[in-house]
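**Student:** sequence isn't available, so here's the structure alone:
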């Protein structure tokens, strides 16, 4: 019997699985994994800085500005800041050598980024020499209200960002499971927004909206609020990249937070859209470290599998999840409520201003669990995985054996998604 071997990202390592070719329905991969840029990542970013979309060069915009703030992603995002940030800082200082620059880490609702993680992200020199502030969504004294979002929620942002003379953001663009795409406007909301603002934007009605899906921007209510927030914060310039499986930039854009982002997502969409290949068993990952550090983040990779698994099928999700569940409320929601239908009704009955922490992730995760059984390959305690209504496994091979027992079909089919966060699966 002929076998097909798959080497799948798992934490900072790999796991391997062999699938009989007669059972293999398809492999959903982004063309980005095969795309070869004509220039180095550093040269791509520099070219983008020199040819911005919809704005003057950043060095021109920086002239005579006193307080310049550069929003940077946190430890949960594989943004190659060690390449991007030095070039951004140099471009600013080209126009304003004496600029007062603050790097603001956009944690959103995540935990604070540690110094070790900052050094891994930027390199020691930047951490030692530059002013770096880590956003805290609950630090009310350092927030400012800029009115209301189109949806009605209060727009409360980090004061450092709101009071900047020039607000810049770096980030990367990838498919996002309810905002359509990451990057661009997301640096502001949720990046440097107050908890209240983020939770309103992530309300159950928006999450349930059919336009709040991977790769969808038009009509997406979550995106609409995010773009409004970026404009209200006067986000003047972005530098965003598209990365490959090794987290190396293969495309870069700079300039206006909407126009440049559009160019980036058009490049991305043209190379990572793939048709669903329905199967009884679907294997997916979160692309390895740093996106698979916890179960909370792993929901993203599950949604790619959700789009192609048959109703009542099995999803095998690989995420090392060394940080555990990733969200206390997320964990407690599933540990305390065993009826997923009742859980979903509770979410949908809540008003936007009543949204609780991690509700959006719980809602999407519950939607996945209502469609398929999830076998979770991780380093987590078995009890934690079971708390979250999944079945634990240590290896993908072990999970495959379990999945075959669950589907109980001799002619079962398997679809493999080596990187679930890099594809847009069209159902």
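**Tutor:** Nice, I can see it. Owing to the predicted nature of the structure, the values given are computational and were not obtained by experimental measurement. Residues are numbered from 1 along each chain as shown.
**Student:** need the contact list for residue 191.
**Tutor:** By CB atoms under 8 Å, 6 or more residues apart in numbering, the contact list for residue 191 reads 71, 73, 106, 107, 108, 135, 169. Bear in mind the C-beta positions are built from the backbone N, C-alpha and C, glycine included.
**Student:** now the closest residue to residue 391 other than its chain neighbours: which helix or strand?
**Tutor:** Closest residue to residue 391 apart from its sequence neighbours, by CB to CB, 6 or more residues apart in numbering: residue 375 at 4.9 Å. Assigned by DSSP states H and E, residue 375 belongs to strand 373-377.
**Student:** check which element follows that strand along the chain.
**Tutor:** helix 382-387.
**Student:** I'd like the mean pLDDT over that next one, please.
**Tutor:** For helix 382-387, mean pLDDT rounds to 98.
**Student:** now do that helix: everything it contacts.
**Tutor:** 295, 324, 325, 331, 334, 335, 376, 378, 391, 392.
**Student:** from these, which land in helices?
**Tutor:** 295, 331, 334, 335 (DSSP state H).
**Student:** any of the residues you listed buried? List them.
**Tutor:** Buried members of those, scored by 16 or more other CB atoms under 10 Å, are 295, 331, 334.
**Student:** skipping its backbone neighbours, what lies nearest the second one in space?
**Tutor:** Looking back up the chat, that one is residue 331. That would be residue 325: by CB to CB, 6+ apart, it lies 4.0 Å from residue 331.
**Student:** how many residues are close by the one you found?
**Tutor:** 21 (other CB atoms under 10 Å).
**Student:** SS state for residue 94?
**Tutor:** helix (DSSP: H, G, I helix; E, B strand; the rest coil).
**Student:** that one contacts residue 59, correct?
**Tutor:** Yes - Residue 94 is within contact range of residue 59, at 4.1 Å (criterion: CB atoms under 8 Å).
**Student:** filter the contacts of residue 191 down to the buried ones, PyMOL style.
**Tutor:** A single PyMOL command selects the buried members of the contacts of residue 191 (16+ other CB under 10 Å):
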select buried, resi 71+73+106+107+108+135+169
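**Student:** and of the contacts of residue 191, the nearest to residue 120?
**Tutor:** residue 73 (12.8 Å; CB to CB).
**Student:** how far away is the nearest residue to that closest one once chain neighbours are set aside from residue 242?
**Tutor:** Nearest non-adjacent residue to residue 73, counting by CB to CB, 6+ apart: residue 79, 4.5 Å away. To residue 242, residue 79 is 11 Å away according to CB to CB, to the nearest Å.
**Student:** now residue 140
**Tutor:** Counting by CB to CB, the gap from residue 140 to residue 242 is 36 Å.
**Student:** between these two, who's got more neighbours?
**Tutor:** residue 242 (24 against 11).
**Student:** which helices and strands does the strand or helix carrying that one pack with?
**Tutor:** Assigned by DSSP H and E, residue 242 belongs to strand 235-243. The elements that strand 235-243 packs onto, with contact taken as 3 or more CB pairs under 8 Å, 6 or more residues apart in numbering; DSSP states H and E, are helix 41-50, helix 58-61, helix 81-95, strand 166-172, strand 249-255, helix 259-272.
**Student:** tabulate these in TSV, adding columns for distance to residue 308.
**Tutor:** Listed next are these as TSV, based on distance: least, CB to CB, whole Å:
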stretch	distance to residue 308
helix 41-50	31
helix 58-61	41
helix 81-95	33
strand 166-172	24
strand 249-255	25
helix 259-272	14
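**Student:** ok, now which ones touch residue 161?
**Tutor:** 69, 71, 104, 167, 188, 192, 233.
**Student:** for residue 84, same thing?
**Tutor:** If you count contacts by CB under 8 Å, 6+ apart, then residue 84 has 45, 170, 239, 241, 249 around it.
**Student:** one more pass at 7 Å, please.
**Tutor:** Each residue near residue 84 by CB atoms under 7 Å, 6 or more residues apart in numbering is listed here: 45, 170, 239, 241.
**Student:** ok, how many other residues are close to residue 211?
**Tutor:** If we define neighbours as other CB under 10 Å, then residue 211 has 16 of them.
**Student:** of the contacts of residue 161, closest to residue 291?
**Tutor:** residue 71 (19.5 Å).
**Student:** just give the closest residue to the closest one, not the sequence neighbours.
**Tutor:** residue 169 is the one closest to residue 71 (CB to CB, 6+ apart), at 4.0 Å.
**Student:** isn't that neighbour right up against residue 236?
**Tutor:** No - Residue 169 lies out of contact with residue 236 (CB atoms under 7 Å); the separation is 9.2 Å.
**Student:** residue 49 is in contact with residue 87, correct?
**Tutor:** Yes - under the criterion of CB under 7 Å, residue 87 makes contact with residue 49 at 6.2 Å.
**Student:** which one's more surrounded, those two?
**Tutor:** residue 49 (23 against 20).
**Student:** how near is that one to residue 290?
**Tutor:** Distance from residue 49 to residue 290, by CB to CB: 25 Å.
**Student:** what of residue 107?
**Tutor:** With CB to CB as the criterion, residue 107 and residue 290 are 13 Å apart.
**Student:** same deal with residue 350?
**Tutor:** Distance from residue 350 to residue 290, by CB to CB: 31 Å.
**Student:** now the strands for the stretch 301-427 of the chain?
**Tutor:** Ranges of strands in the stretch 301-427 of the chain, per DSSP state E, counting those that start in this stretch, are 309-318, 373-377, 391-393, 414-417, 424-426.
**Student:** which among these is found nearest to residue 120?
**Tutor:** So among the strands of the stretch 301-427 of the chain, strand 309-318 is nearest, using CB to CB, at 22.5 Å.
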